[in-house]
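A.B. asks: Predicted structure and sequence below. I'll ask about it afterward.
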Amino acid sequence: MKQLTALAVLPLLAGCLTSAPPSVATWTIAYAPARAASSAAPAEGAPRGSVRIAQVVVRAPYDAKALAVLRPNGSLAFDPYNQFAALPAALLKGAVQDAFLAHGAFRAAVPSASQVATELSAETTVTRLALDCRTPGERRATVALTVLLVKDRVAYASAAGEGSADAADGDYTRAFSEAFSRAVAAALARL
């Protein structure tokens, strides 16, 4: 009987003797107007009309939930313990719309599913969304993107922007939101 009790308790003790695996932290990205202010001021003059946020695309390999990490040897790694709360393109759709609204160059910015008629459509392509660890002792959130305005199915205007933010404190929501805000504000200022 004692042996049977000892065998029953053994699995419980084994679980207590091992450490728990680290938990996965999930992060988001939002447009942060205060962070974008250092990159570009809101547009002046009369608004251009309304714009539909037709699509937001994040190019591979940055289109994954796990944070992409640029390493000093030129390789790319994916952090298994830090990931976005959703696929980056899904997170950025609302952030792009918020950036267009805050920029002030358009009367309205509506999501792609809206039935509102608009004069322009916007297509945003994110070409880099990564944690840059190539410089020893530094961690920076980096974002590069292009905004294309389309009018009557013809390219009307296009501009690119880049942004980065210090991520040494490990607050990737703040860092990526700041980097994205700077990048999109820079692109919108060039349109």
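C.D. replies: It's in.
A.B. asks: When you work out contacts or count neighbours from here on, use the C-alpha atoms and nothing else.
C.D. replies: Fine.
A.B. asks: Show me what the residue nearest to residue 58 when sequence neighbours are not counted is bridged to.
C.D. replies: In space, and not counting its chain neighbours, residue 58 is closest to residue 126: 4.6 Å by C-alpha to C-alpha, 6 or more residues apart in numbering. Bridge pairing for residue 126 (DSSP bridges) gives the partners residue 58, residue 145.
A.B. asks: if I look at residue 126, how far off is residue 170?
C.D. replies: According to C-alpha to C-alpha, to the nearest Å, residue 126 and residue 170 sit 22 Å apart.
A.B. asks: For these two, indicate the residue with more neighbours.
C.D. replies: Each of residue 126 and residue 170 has its neighbours counted (other C-alpha atoms under 10 Å); residue 126 has more, 26 against 12.
A.B. asks: The residue nearest to residue 58 and residue 148 touch, don't they?
C.D. replies: No. Taking C-alpha atoms under 8 Å as the definition, residue 126 is not a contact partner of residue 148, at 11.5 Å.
A.B. asks: follow-up on the earlier one: please tell me the pLDDT value assigned to the residue nearest to residue 58.
C.D. replies: Listed pLDDT for residue 126 reads 98.
A.B. asks: Repeat that for residue 142.
C.D. replies: At residue 142, pLDDT is 98.
A.B. asks: again, but for residue 19
C.D. replies: pLDDT, residue 19: 68.
A.B. asks: Numbering from 48 from now on, please.
C.D. replies: Yep, numbering from 48; the last one is residue 66 now.
A.B. asks: need the contact list for the residue nearest to residue 105.
C.D. replies: 103-106, 190-193 (C-alpha atoms under 8 Å, 6 or more residues apart in numbering).
A.B. asks: Equivalent analysis for residue 104, please.
C.D. replies: Residue 104 neighbours (C-alpha under 8 Å, 6+ apart): 136, 170-173.
A.B. asks: top of these by neighbour count?
C.D. replies: residue 173 (26 neighbours).
A.B. asks: Residue 229: neighbour count?
C.D. replies: By other C-alpha under 10 Å, neighbour count at residue 229 equals 29.
A.B. asks: so it sits right up against residue 207, yeah?
C.D. replies: No. Shown here, residue 229 and residue 207 do not form a contact pair, counting by C-alpha under 8 Å, at 11.2 Å.
A.B. asks: and residue 157, what helix or strand is that in?
C.D. replies: strand 155-158 (DSSP states H and E).
A.B. asks: quick one: contacts of that strand?
C.D. replies: 96-101, 140-141, 144-145, 147-148, 163.
A.B. asks: if you look at those residues, which of them are in helices?
C.D. replies: 140-141, 144-145, 147-148 (DSSP state H).
A.B. asks: gap between the residue nearest to residue 105 and residue 156?
C.D. replies: Taking C-alpha to C-alpha, one finds residue 173 at 19 Å from residue 156.
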